[in-house]
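**Student:** no sequence on this one, just coordinates:
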């Protein structure tokens, strides 16, 4: 360009999302996981104080510091095979909120911290975005999502693979309450009563 040779960038950044040639978003998720790890350290310091160790304070801090970074542009990369890089750091955050030890089962962490699982939070955001696009058929993006070409590779899971069915409702709490996870976990009446008393459910 203008007589100068352009430097090749294998990981260009667009709107703070790191792209790669396979669109696996591995590099982006690795960088986001590193950011989350440093922010988790801030929550650890807050948990070690006498004035900020309450569950509500830790939950608010984790949602503001960690989840805001973790869920940035999640409709783009939510179907990647490398989302576990983010989920691992978010599991550490909810362990801090609930005060759970390492042996605590992962399926209990969302219940004890009153934070929906990362996959359901991402799906709820994706569904909302699809609803907005569906309501604006004059947008150029509408044709890309709802009049898309057939997939070229079976291993790919584009965003239209999760499009809403007619009349389908969405929302983090609704998705969470309709999963098979919670009825199994909350089958014990004593556990259910304890969670309600402590405001966790």
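**Tutor:** Now that the structure is in, tell me what you want to look at. Bear in mind that the values here come from a model prediction, so they are computed numbers and not experimental data. Numbering: from 1, shown residues only.
**Student:** by contact count, what packs against the helix or strand hosting residue 96?
**Tutor:** Residue 96 is located in helix 84-98, with elements delineated by DSSP states H and E. For helix 84-98, the helices and strands in contact under the criterion 3 or more Cβ pairs under 8 Å, 6 or more residues apart in numbering; DSSP states H and E are helix 26-47, helix 55-62, helix 68-70, helix 109-113, helix 118-134. Quick note: C-beta positions are derived from backbone N, CA and C, even for glycine.
**Student:** redo those as a markdown table? Include mean neighbour count, distance to residue 4 and mean pLDDT.
**Tutor:** A markdown table is the format used below for those (neighbours: other Cβ atoms under 10 Å; distance: least, Cβ to Cβ, whole Å; pLDDT from 0 to 100):
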| stretch | mean neighbour count | distance to residue 4 | mean pLDDT |
| --- | --- | --- | --- |
| helix 26-47 | 17 | 26 | 93 |
| helix 55-62 | 18 | 46 | 90 |
| helix 68-70 | 17 | 35 | 92 |
| helix 109-113 | 21 | 52 | 87 |
| helix 118-134 | 18 | 38 | 88 |
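**Student:** out of those, flag the one nearest residue 88.
**Tutor:** Set against residue 88 and scored by Cβ to Cβ, those come closest in helix 26-47, at 7.1 Å.
**Student:** return the set of buried residues in the helix holding residue 96.
**Tutor:** By neighbour count, and taking 16 or more other Cβ atoms under 10 Å as the criterion, the buried residues in helix 84-98 are 85-87, 89-98.
**Student:** which among these gets closest to residue 56?
**Tutor:** Within the buried residues of helix 84-98, distances to residue 56 taken as Cβ to Cβ reach their minimum at residue 97, with 9.1 Å.
**Student:** what residues are up against that closest one?
**Tutor:** Contacts for residue 97 were tallied using Cβ atoms under 8 Å, 6 or more residues apart in numbering; they are 55, 58-59, 62, 112-113, 115.
**Student:** if you rank every helix and strand of the protein by mean pLDDT, what lands last?
**Tutor:** helix 189-197 (a mean of 45; mean pLDDT, DSSP states H and E).
**Student:** could you dump the helices and strands packed on helix 84-98 to a markdown table with distance to residue 76?
**Tutor:** Shown next, in a markdown table, are the helices and strands packed on helix 84-98 (distance: least, Cβ to Cβ, whole Å):
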| stretch | distance to residue 76 |
| --- | --- |
| helix 26-47 | 9 |
| helix 55-62 | 23 |
| helix 68-70 | 13 |
| helix 109-113 | 23 |
| helix 118-134 | 9 |
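**Student:** looking at the ones you listed, which is nearest to residue 78?
**Tutor:** Go through the helices and strands packed on helix 84-98 one by one with Cβ to Cβ and the one that ends up closest to residue 78 is helix 118-134, at 4.1 Å.
**Student:** which elements pack onto that closest one?
**Tutor:** Packed against helix 118-134, as judged by 3+ Cβ pairs under 8 Å, 6+ apart, are the following elements: helix 74-77, helix 84-98, helix 140-146, helix 172-178.
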